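Colleague: here is the input, now give the coordinates:
(chains A and B)
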Amino acid sequence: MTPLLEARGIVKRFGPVQVLQDVDFSVPPGEVTALVGDNGAGKSTLVKCISGIYPSDEGEFLFEGNPVSIHSPRDAATLGIEVVYQDLALCDNLDIVQNMFLGREKRSGLVLDEPTMEQMAAKTLAGLSVRTVKSLRQLVASLSGGQRQTVAIAKAVLWNSKLVILDEPTAALGVAQTAQVLELVRRLADNGLAVVLISHNMNDVFAVSDNIAALFLGRMVAQVRTTDVTHAQVVELITAGRSGNLGLPPAENGHELMEPTIPGAKE
Amino acid sequence: MTITAQQIEPAAVTPKPTVATIARDYVARIRGGDLGALPAVLGLVVLCVFFGIMRPAFFSAGNFANLFTQGAAVAVIAMGLVFVLLLGEIDLSAGFASGVCAAVLAQVVAVQGFPWYVAILAALATGIVIGLVLGFLVAKVGIPSFVVTLAAFLAFQGTVLLLIKGGTNISIGDEVIVAIENRNLPPWLGWVLVILIAGGYALVQLMSLRRRQARNLVTEPLAVVLGRIAGLTLILALAVYFLNLERSINPMINSLKGVPIVVPIIAVLLIVWTFVLHRTAYGRHIYAVGGNREAARRAGINVDKIRISVFVICSFMAAIGGIIAASRARSVDPNTGGSSVLLYAVGAAVIGGTSLFGGKGRVLDAVLGGAVIAVIDNGMGLMNLSSGQKFVFTGSVLLLAAGVDALSRRRAAATGNR
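Modeller: Okay, here's the model as predicted:
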């Protein structure tokens, strides 16, 4: 299967600090790809390169097999790449429909076309089998953490997006809400979208992902099928960059650890 | 694929709202700290009853008309302030901005002798320029609005003095400008306006109801919509009825009845700005920037443009307020737009339910709050209170309103209602 998005040899430097070193990363459609790595490994930087917030210094992106250049968030949005950040970026004082269409309101002439927006929002939420919100006209302030995450995700998929990147969607949630959100993540992939899930939580990763991509000190050390690895192996990949015959070769690994490049890097 | 997540929260079947559920939701909202305009409406009723008992003259037809002309300038300035407050900013210079615009008006029409429309255009243009400068300093240079407008407060006070050549006053003789606050519509035209406004409101409400029904969206029950239409019609009809009563002491010599001309002006401003805030993408974006600036920025909204624009709207409305004040006094003096005008305007917006913390408020709030302020000012005048007592009392009411805002906000945060 051709990956929906393929990153080849991505390099990103912040001054003398090389945050991403020759990173290859592929995201297949219809699957959940977990992006794991310790703090400072370069997960967020990679996502920001994909979503056009940072330009990458070297390397290329292929989208649906064609080379593309992503220079701004708008480019990414045009391709169908949407990112749900950890802080969700919702307005508490607006309701669910208003939040979902924020900045891209439907209008007829000068006037907002509320019925159309409400209908589209309802359809999107129904498509994700979201049944937990009482009313679409509820203020976001009155929603639970899981429901907010749901609204943020629904907002991302509303625009026929093809790739949704979720930055630690369960970090702030309780057990029940985490289960709800993971179920939603799974459903996105089952609906044919490509999903990238950034997470520190191994349980979440193993619960929903099809692939695991592990970053270690700015290098992509392994991208494997979830069913081929164990918890312990993934943890080793995250913390040491290698596990058995996966990951970096032993000698280079030691050398890498000596390099004092990473501490200044922004996670 | 190993998820065994249960639907923990029960799948809620959205019930069709009925009169009962809507009433219940409203009570729940109030208890949850979302008071809306309730304090203003209650305050208005309590104050009217109190002053009516203390001074029966309060309820005379003449005094009722006075309330409108007294409160007009403050209410109009407050409408503009709502936009600034929605972003969590403040404009302390709105009072003297209205003074500057009034002074420009007086200069152009009385000193230079241009026709009234030139003078009004000049005053409005002055307001827009003031707003652009303030907005630029806040949004682009990055000075806090409190500081920018406090500096402007002082500078504009000086500008008024310069414009009217220190200390004297310029009297305005132009009939059209004076008419705004001192002439009335013929009684029949008052009734025509009632029919137009109530009919227009009914049309908009019923059409929106039908559009939603046609698309199978959740709709309010027809009874609630009809109730709202009937309520508005009743209030408008009562107001016009009382304003159409004869209020001249000697009607044979000089008949005095009808809706003051300033009232339809306020009504039009109220309708236009309410439409802008609630029915256009621009208004939606104002709420978004006030609620979460970062989210608005990421949604592709030009936050700086929105921030500049609200200061323009505020100063533009201040200009209209200044024109109304000049019309009422038939002159402009160094104190036009000064003393308590700004605090009354901020007080009107806050009493009406606009939050000082941004993101919450309506243009109607400014009018309701303006009515409360006008009633207090008028009632205390009838009771012959000294101006010292008046200031203390009005200050306390403003503090009370801001206190209600802060407390209801805290309660709302606790109940997840914001």
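Colleague: which SS class is the residue nearest in space to the middle of chain A?
Modeller: Central residue of chain A (Cα atoms, centre = their mean): residue A:165, 2.2 Å from the mean position. Following DSSP: H, G, I helix; E, B strand; the rest coil, we place residue A:165 in the strand state.
Colleague: is it true that it touches residue A:80?
Modeller: No: if you go by Cβ atoms under 8 Å, residue A:165 and residue A:80 don't touch, sitting 11.6 Å apart. (C-beta placed from N, C-alpha, C; glycine too.)
Colleague: mean confidence score for stretch B:300-320?
Modeller: Across stretch B:300-320, the average pLDDT comes to 95.
Colleague: now do it: distance to the chain's middle.
Modeller: Centroid displacement of stretch B:300-320 relative to its chain, using Cα atoms, centre = their mean, to the nearest Å, is 16 Å.
Colleague: show me the helices in the stretch 151-267 of chain A, by range?
Modeller: For the stretch 151-267 of chain A, helices defined by DSSP state H, counting those that start in this stretch occupy the ranges A:175-190, A:202-208, A:231-240, A:250-258.
Colleague: so which of those comes closest to residue B:317?
Modeller: helix A:175-190 (44.8 Å; Cβ to Cβ).
Colleague: pLDDT value on residue B:4, please?
Modeller: pLDDT, residue B:4: 39.
Colleague: oh, that last question was meant for residue B:167, not what I typed.
Modeller: Per-residue pLDDT puts residue B:167 at 68.
Colleague: hang on, the earlier thing: list the contacts of the residue nearest to the centre of chain A.
Modeller: Taking Cβ atoms under 8 Å, 6 or more residues apart in numbering or on different chains, we find residue A:165 in contact with A:47, A:50, A:51, A:81, A:82, A:83, A:84, A:195, A:196, A:198.
Colleague: show me the helices in the stretch 1-150 of chain A, by range?
Modeller: Secondary structure of the stretch 1-150 of chain A (DSSP H, counting those that start in this stretch): helices at A:43-50, A:73-79, A:96-100, A:114-127, A:145-157.
Colleague: now mean neighbour count too, for the ones you listed, in JSON lines please.
Modeller: Putting the helices of the stretch 1-150 of chain A into JSON lines (neighbours: other Cβ atoms under 10 Å in any protein chain shown) gives the following:
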{"stretch": "helix A:43-50", "mean neighbour count": "24"}
{"stretch": "helix A:73-79", "mean neighbour count": "17"}
{"stretch": "helix A:96-100", "mean neighbour count": "26"}
{"stretch": "helix A:114-127", "mean neighbour count": "18"}
{"stretch": "helix A:145-157", "mean neighbour count": "23"}
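Colleague: got the ones you listed as a markdown table, with mean pLDDT columns?
Modeller: Conversion of the helices of the stretch 1-150 of chain A to a markdown table gives the following (pLDDT from 0 to 100):
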| stretch | mean pLDDT |
| --- | --- |
| helix A:43-50 | 89 |
| helix A:73-79 | 85 |
| helix A:96-100 | 92 |
| helix A:114-127 | 88 |
| helix A:145-157 | 86 |
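Colleague: tell me the residue of the stretch 101-250 of chain B that sits nearest chain A?
Modeller: residue B:215 (5.1 Å; Cβ to the nearest Cβ).
Colleague: was I right about that residue contacting residue A:119?
Modeller: Yes: if you go by Cβ under 8 Å, residue B:215 and residue A:119 touch, sitting 5.8 Å apart.
Colleague: ok, then the element right after the helix or strand containing residue B:161?
Modeller: Residue B:161 belongs to helix B:145-163 when assigned by DSSP states H and E. Next in sequence after helix B:145-163, counting helices and strands by DSSP H and E, comes strand B:170-171.
Colleague: same for that next one, what does it pack against?
Modeller: Packed against strand B:170-171, as judged by 3 or more Cβ pairs under 8 Å, 6 or more residues apart in numbering or on different chains; DSSP states H and E, are the following elements: strand B:331-332.
Colleague: burial of residue B:329, as a residue count?
Modeller: Neighbourhood size, residue B:329 [other Cβ atoms under 10 Å in any protein chain shown]: 18.
Colleague: which residues touch it?
Modeller: Contact analysis of residue B:329 by Cβ under 8 Å, 6+ apart lists residue B:336.
Colleague: and the gap between it and chain A?
Modeller: 38 Å (Cβ to the nearest Cβ, to the nearest Å).
Colleague: for residue B:161, see how far away that residue is.
Modeller: Residue B:329 is 17 Å from residue B:161, where distance means Cβ to Cβ, to the nearest Å.
Colleague: can you check residue A:97 too?
Modeller: Distance from residue A:97 to residue B:161, by Cβ to Cβ: 51 Å.
Colleague: and what of residue B:248?
Modeller: Taking Cβ to Cβ, one finds residue B:248 at 38 Å from residue B:161.
Colleague: got the buried residues for the helix or strand where residue B:117 lies?
Modeller: Assessed by DSSP H and E, residue B:117 sits inside helix B:116-136. Neighbour-count burial for helix B:116-136, counted by 16 or more other Cβ atoms under 10 Å in any protein chain shown, picks out B:116, B:119-120, B:122-124, B:126-127, B:130-131, B:133-136.
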